[in-house]
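Chemist: Show me how the following folds:
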Amino acid sequence: MATTIRVSKRTVEALEQLKRQQGFRSLDEVIRWLLLERRRMLARRFFGVDEGKISAFTEADRGEDRTA
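Modeler: Have a look, this model is predicted:
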């Protein structure tokens, strides 16, 4: 199923340029890629907050006695 969206000529030109640069076959692929990149950026921003700041979990971190 396809639909039509109205965008400016400037936007179409930018999408076409990205299409050529990245080797996409259609503007639909460009838009899907942009959406995926946006999701990845948000995930890195929100879930990568402690990247490089935390160490591996060890038994000493458990903080409880499991011998009982």
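
Chemist: tell me which strands and helices the helix or strand R20 falls within is in contact with?
Modeler: If you go by DSSP states H and E, R20 is part of helix 9-22. In terms of contacts (3 or more Cβ pairs under 8 Å, 6 or more residues apart in numbering; DSSP states H and E), helix 9-22 is packed against helix 27-47. Using the backbone N, CA and C atoms, a C-beta is placed for each residue, glycine as well.

Chemist: just to revisit the earlier point, what does the helix holding R20 rub up against?
Modeler: V7, F24, S26, L27, E29, V30, I31, W33, L34 (Cβ atoms under 8 Å, 6 or more residues apart in numbering).

Chemist: any idea of the mean pLDDT for that helix?
Modeler: In this model, helix 9-22 carries a mean pLDDT of 98.

Chemist: That helix versus helix 27-47: what angle between them?
Modeler: Helix 9-22 and helix 27-47 meet at an angle of 80 degrees, taking axes from the mean of the first three to the mean of the last three Cα atoms, to 10 degrees as the criterion.

Chemist: could you dump helix 9-22 to PDB, C-alpha only?
Modeler: Below are the C-alpha coordinates for helix 9-22, written out as PDB (Å, rounded to 0.1, in the frame of the first residue of the first chain):
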ATOM      1  CA  LYS A   9      11.100  20.700  -3.300                       C
ATOM      2  CA  ARG A  10      14.000  21.400  -1.000                       C
ATOM      3  CA  THR A  11      13.200  18.400   1.100                       C
ATOM      4  CA  VAL A  12      12.800  16.200  -2.000                       C
ATOM      5  CA  GLU A  13      16.200  17.400  -3.200                       C
ATOM      6  CA  ALA A  14      17.800  16.600   0.200                       C
ATOM      7  CA  LEU A  15      16.200  13.100   0.200                       C
ATOM      8  CA  GLU A  16      17.300  12.500  -3.400                       C
ATOM      9  CA  GLN A  17      20.900  13.500  -2.500                       C
ATOM     10  CA  LEU A  18      20.900  11.200   0.500                       C
ATOM     11  CA  LYS A  19      19.500   8.400  -1.800                       C
ATOM     12  CA  ARG A  20      22.400   8.800  -4.200                       C
ATOM     13  CA  GLN A  21      25.000   9.100  -1.400                       C
ATOM     14  CA  GLN A  22      23.800   6.000   0.500                       C
END
